[in-house]
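Engineer: Below is the sequence, then the predicted model.
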Amino acid sequence: MTQEVDNNKFSRRQFLVFAGAGSAAIVLASCGGSEPDASGSSGSEAASSEPVTIEFLAWGGDEGAYEELIANYTEANPNVTVNLSSSPGAEFYAKLNTLIAGGETPHLSSFQGWEWQPFFDKGVLADISDFVAADSYFDNVFDDNIQSISDSTLRDGQRILIPMQWGTMLMFYSKPVFDAAGVDYPTNDWTMDDFVATAEALTSGDGASKIFGTWANGSWFRDIHYIRSTGKQEFDSLVDPKQATFNQPEIVEAIQLVAQDFVHSMGVAPSAADTEGGAVAIESGNVGMKYEGAWYMPRMNTPELREEGNEVEFDVVLMPQGADGDRPHRGWSEGLAIPNSDGVDAAWRFASFLASEEGNKTYATITGRIPNNAELVESFWVPTVAERFGCESAANFIEAFKRSEVDVVGGVSRSQYWSEAVKPVGYDPIIANTATAAEVMPAVDEAVQAILDEFWAS
Amino acid sequence: MAALNFFNSDRKRPSPQKLREWLLGYLFAAPFIIGFFVFVAYPFGYLFWLSFQEWDLIGSAEFIGFGNFRRMFSDTPAGVRNIKSLANSAYYTFIAVPLQLIISFTLALALTQKIKFRDVYRAGFYLPLIVPLVAWAVVWQRILHPQFGILNDTIERVLNFFSATPVEFAPEWLFQVDLAKPAFIFMSLWMIGRQMVIFIAGLGNIPDSLMEAAKVDGAGPLRRLFSVTLPLMTPFIFLNMIFALVNSFQTFIPAQVMTEGGPSDSTLFIVLNIWREGFQFFNMGYASALAIELFLIVIGLTAAQFYISRRWVYYEE
C-alpha cells in the first residue's frame, strides 16, 4: 500500500492536522495579543471581530448586576461571549485557587482589595498599568491622593486591581428604634463615649422582644475601626508588615469593649446565638445601630420593601471619634483583576467597560455599592441611594473614604491572619466569653508573628 | 524458583481457548479495574506524593521531605489545630459510636417484637437517612437554637410543668465550648436508621429453635438476650461498629454548616481541619499529610478491631 498522495489533495490525517492547527490559531487569536490596546476607549471591542470567549469568575451576590452588564456588553460586541460563574464569599478563593490549580484560570476575576496581593506575588495577575495609562477615564478612578486606593490597587509600582467600587463602612442606625427610645439621632461629631451611651440608652426589654442598642461585629477586621480610633494599629505597617502589635493596652481595651463587654456584661449587643437564624437584626427592627457598608442598604429600605411595608427607615453617620484626631475609617478598593493569559487584552476591554461610567452606574444601582470615583459618587450615587434606599446622609461615605486606610495588605492575606491566628486564638474565646482580650492578645501577637516570620523567611 | 518456572519453556502454555476466556474476563472486569486505577489508585498515589510537597495550588509544588509530617505535631498553629482536631474526633467517636450502637440495637429489639404499626416505626427511624446532610444540619441548627429552638422550648415546658417557680432553660448548644460536641453526639443519634436495619436483619436470622430450646431450659427474657441473642448478633455489632467508627472520623458537613468548627475550634474535626488546611489556607501538601494521618488512624483502628474481634465475635460454623 503506497504512502504517497496526490500533492493537490489532503490526506485525512493532513486535513485533521490543518484543521486542528487552524482551530488553535483561531482560539489563540480570539484571546488577543499581549500589547495593550491604546485606543483609549473603555470597553471597545471594535478592533477585532474574531470570536472571543471570556471566562469571568465573579463575587457571589453580584450576579444580577454582572448579568445585565454582560448583556449590554455582548450586545455592543456580538463577537464576545462572556461565561459568568460565581461563588459565595466563603468559598470564592477556594474556587479560584482550584481553577488555577486545574489549569482553568479565568480571564477575569473579582478580588477584594486585601486578597489579591499573594496572587500577584506568585505571578498570577497581570500588570494593567499600560492599559490604565492609555485610558484617561481611569485618572479619576485611581485617585492616589486617597491612600487606601493606592494601597489596595498597586503593588511594587504596578497597577493590578481595577476598582468596581469604593469600600468603606459607616454606622447604620434604625430611626424607628431611636424614635421609640426617645434618643436623638447620632451626628458626625459623636465620640466613642457618646456611642456607648447611645447603645445603652437604646437597649430595652428582654427575651425574644429585647431591643439591642448595637451589634457586635464578631471579627477583628470589622473591629478595626474601633482599634485604629485609639491611635494604635495591630501591625508595624499596614503594607507588608513585619511585626504584629496586637497586644497594646489601647487595642486590648477596645476589643474587650466591643467584642465581649457589649455582649456579655453590658448586654447592649446580641450574642452570636441571638443572631443565629436572622431573627435579631437591624433590618428586623430590634437592633439600633450596626456597622455596615453601602451594600447593606438594599436590606433596609428599597421600593419593593416599602411596597410590602417591610422597610426600616435608616441613615448613616461617621464612625465615632476616638483618641485619634485624624479619625481614620477603614477603606479599600474592590473590583477585578486579570490573571496572566493570552486573553489579557480582551479581558481588559471587558473589565474597563464594567468599570466605566456606564458600567459602574449599572453596577452601583443594582448592588447599592459605592461607585469607583468621586465624581460619580457625588453626582450619581448619593442622589440615587437617597431616592432608592432613603439614605439621606450617603455623602458621609465620601468623607469616610477620603480619610480611609486599608486593614492590612501584603504577601500574607488578611484572611490568613484572621483564619489561622486572630480568630481561633483571640476572637473565638473572647466571643465565647471563656477568656478576656487581655488574656488572649499576647497569644494572638505570637500566632500572627509566627505567620509573618514564616512568610518573610520564605 | 517461581520466576524461573514461569520462563521455563516446559511450562504448559495456556491454550488459545484459555487466553480468550482470560481476555473476556478482563474485558468484563475492565470497568472496575479502570475505575479502580483512575479513581482510587492514582488519587491515592498522588495524595501520597503530595504529602511530601509544599503546594499552595497556585505555584509549583516543592519537595520538603517529611516537613508536613513534622508540622503535624509541632507547636505551630497548624500543629495545634491538628492535635485539637484529633482530640475532638476521638471524643466524638468514642462517645457517639457506643451510644449509636446501644440505641440502634435497642430499637431493633423493640421493632422486631409484634407491635402495631411496626413497619411505620421502622420507616420513621430510617427516614432521616434519606434527608441530605446539609438540610439535616440546617434543621438541627434550628432545633438547637437557644431562644427559638424546639429542644430548649420542650425541655423548658417539661421543667416548668414540674416546677413551682418559672424555670428558664436556654443553653447555647452550638455556641458554648463545653456543649457543642455533646450536641453533635446527640444529633448523630438521629442517623441510626442504617444500623437499626442491619440489626433487624440480624435478629431475623436467629433460629427460633435456639430461643425455644433456651425457653425450655428455663431461660428468662434477659437470660435469652445475653446468652443467645447477643452472642449471635456479635458479627452484626462488629460490622456496625466498623461502619460507625469510619463515619464518625469522617464527620464534616454538620461541623462545616452548623459551627464552622467553632466555638473555639471545639467542633474542628479531622476532616474539617483537612478541608480548611487545603481549601482555606491553601496548604495542600500539609492537608494531604493530614489525610494520610486520618487514613492510618482509620486503618489502624479497623485492624485493631478485627484483631480484638477474634475474642468476642462469634461466627456460626
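Structural biologist: Cool, got the structure. Numbers count the residues shown, from 1 in each chain, chains lettered A, B, ... in the order given.

Engineer: Quick check: pLDDT value at the residue of the stretch 1-150 of chain B found nearest chain A.
Structural biologist: Nearest to chain A in the stretch 1-150 of chain B, going by CB to the nearest CB, is B:Leu57, at a distance of 4.0 Å. From N, CA and C alone the C-beta is placed, and that goes for glycine too. Listed pLDDT for B:Leu57 reads 86.

Engineer: tell me the SS of it?
Structural biologist: Classification of B:Leu57 using DSSP: H, G, I helix; E, B strand; the rest coil returns coil.

Engineer: Just to check, it is in contact with A:Ala101?
Structural biologist: Yes. Between B:Leu57 and A:Ala101 there is a contact under CB atoms under 8 Å: 4.0 Å.

Engineer: hey, what's in contact with both of the two?
Structural biologist: B:Met284 (CB atoms under 8 Å, 6 or more residues apart in numbering or on different chains).

Engineer: ok, those two, which is more surrounded?
Structural biologist: Comparing B:Leu57 with A:Ala101 by other CB atoms under 10 Å in any protein chain shown, the one with more neighbours is B:Leu57, at 20 against 16.

Engineer: can you give me the strands for the stretch 251-400 of chain A?
Structural biologist: For the stretch 251-400 of chain A, applying DSSP state E, counting those that start in this stretch gives strands covering A:289-293, A:314-317, A:329-337.

Engineer: Of all the ones you listed, which one is nearest chain B?
Structural biologist: Across these, chain B has its closest neighbour in strand A:329-337 (13.4 Å, CB to the nearest CB).

Engineer: near chain B, which residues of the stretch 201-350 of chain A show up?
Structural biologist: Counting by CB under 8 Å from any CB of the partner chain, the positions of the stretch 201-350 of chain A adjacent to chain B are A:Gly207, A:Ala208, A:Ser271, A:Ala272, A:Ala273, A:Asp274, A:Glu276, A:Gly277, A:Ala279.

Engineer: The residues you listed in helices, which ones?
Structural biologist: A:Ala272, A:Ala273, A:Asp274 (DSSP state H).

Engineer: Would you mind giving the orientation angle of the longest strand seen in chain A with respect to strand A:329-337?
Structural biologist: Longest strand in chain A by number of residues (criterion: DSSP state E): strand A:162-174. Strand A:162-174 and strand A:329-337 are oriented at 140 degrees to each other (axes from the mean of the first three to the mean of the last three CA atoms, to 10 degrees).

Engineer: Just checking the distance from strand A:162-174 to the centre of its chain.
Structural biologist: Centroid displacement of strand A:162-174 relative to its chain, using CA atoms, centre = their mean, to the nearest Å, is 9 Å.

Engineer: Just name whatever secondary elements it is in contact with.
Structural biologist: Applying 3 or more CB pairs under 8 Å, 6 or more residues apart in numbering or on different chains; DSSP states H and E, one finds that strand A:162-174 makes contact with helix A:147-153, strand A:289-293, strand A:314-317, strand A:329-337, helix A:344-355, helix A:357-367, helix A:396-402.

Engineer: nearest to A:Pro241, of those?
Structural biologist: Nearest to A:Pro241 among these is helix A:147-153 (12.1 Å), distances taken as CB to CB.

Engineer: List of residues touching the closest one?
Structural biologist: A:113-114, A:142-144, A:159-163, A:168, A:238-239, A:331-334, A:401, A:404-406, A:409.

Engineer: cool, stretch B:163-179 as well?
Structural biologist: Stretch B:163-179 is contacted by residues A:271-273, A:276, A:432, A:434, B:141, B:144, B:146-147, B:149, B:151-152, B:155-156, B:159-160, B:180, B:183, B:258-259, B:263-264, B:266 when judged by CB under 8 Å, 6+ apart.

Engineer: how far away is A:Gln233 from A:Ile251?
Structural biologist: Per CB to CB, to the nearest Å, A:Gln233 is found 8 Å from A:Ile251.

Engineer: Tell me the residues that contact both of those two, please.
Structural biologist: With CB under 8 Å, 6+ apart as the test, A:Gln233 and A:Ile251 both reach A:Ile227, A:Thr245.

Engineer: which residues in the stretch 101-250 of chain B form helices?
Structural biologist: Using DSSP state H, counting those that start in this stretch, the helices assigned to the stretch 101-250 of chain B run over residues B:118-126, B:133-143, B:150-162, B:177-188, B:193-204, B:208-216, B:221-224, B:230-249.

Engineer: mind putting those in a markdown table, mean pLDDT and mean neighbour count included?
Structural biologist: Formatted as a markdown table, those follow (pLDDT from 0 to 100; neighbours: other CB atoms under 10 Å in any protein chain shown):
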| stretch | mean pLDDT | mean neighbour count |
| --- | --- | --- |
| helix B:118-126 | 93 | 14 |
| helix B:133-143 | 91 | 16 |
| helix B:150-162 | 92 | 13 |
| helix B:177-188 | 93 | 20 |
| helix B:193-204 | 95 | 19 |
| helix B:208-216 | 92 | 12 |
| helix B:221-224 | 92 | 12 |
| helix B:230-249 | 95 | 18 |
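
Engineer: can you list those helices in JSON lines and add distance to B:Glu21?
Structural biologist: Listed next are the helices of the stretch 101-250 of chain B as JSON lines, based on distance: least, CB to CB, whole Å:
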{"stretch": "helix B:118-126", "distance to B:Glu21": "43"}
{"stretch": "helix B:133-143", "distance to B:Glu21": "45"}
{"stretch": "helix B:150-162", "distance to B:Glu21": "62"}
{"stretch": "helix B:177-188", "distance to B:Glu21": "49"}
{"stretch": "helix B:193-204", "distance to B:Glu21": "37"}
{"stretch": "helix B:208-216", "distance to B:Glu21": "44"}
{"stretch": "helix B:221-224", "distance to B:Glu21": "52"}
{"stretch": "helix B:230-249", "distance to B:Glu21": "35"}
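
Engineer: residue closest to the middle of chain B?
Structural biologist: To find the centre residue of chain B, average its C-alpha atoms and take the closest one (CA atoms, centre = their mean): that gives B:Asn247, at 1.3 Å.

Engineer: Identify the residues contacting A:Ala386.
Structural biologist: By CB under 8 Å, 6+ apart, the neighbours of A:Ala386 are A:Glu392, A:Ala394.

Engineer: 10 Å - rerun?
Structural biologist: A:Glu392, A:Ser393, A:Ala394, A:Ala395 (CB atoms under 10 Å, 6 or more residues apart in numbering or on different chains).
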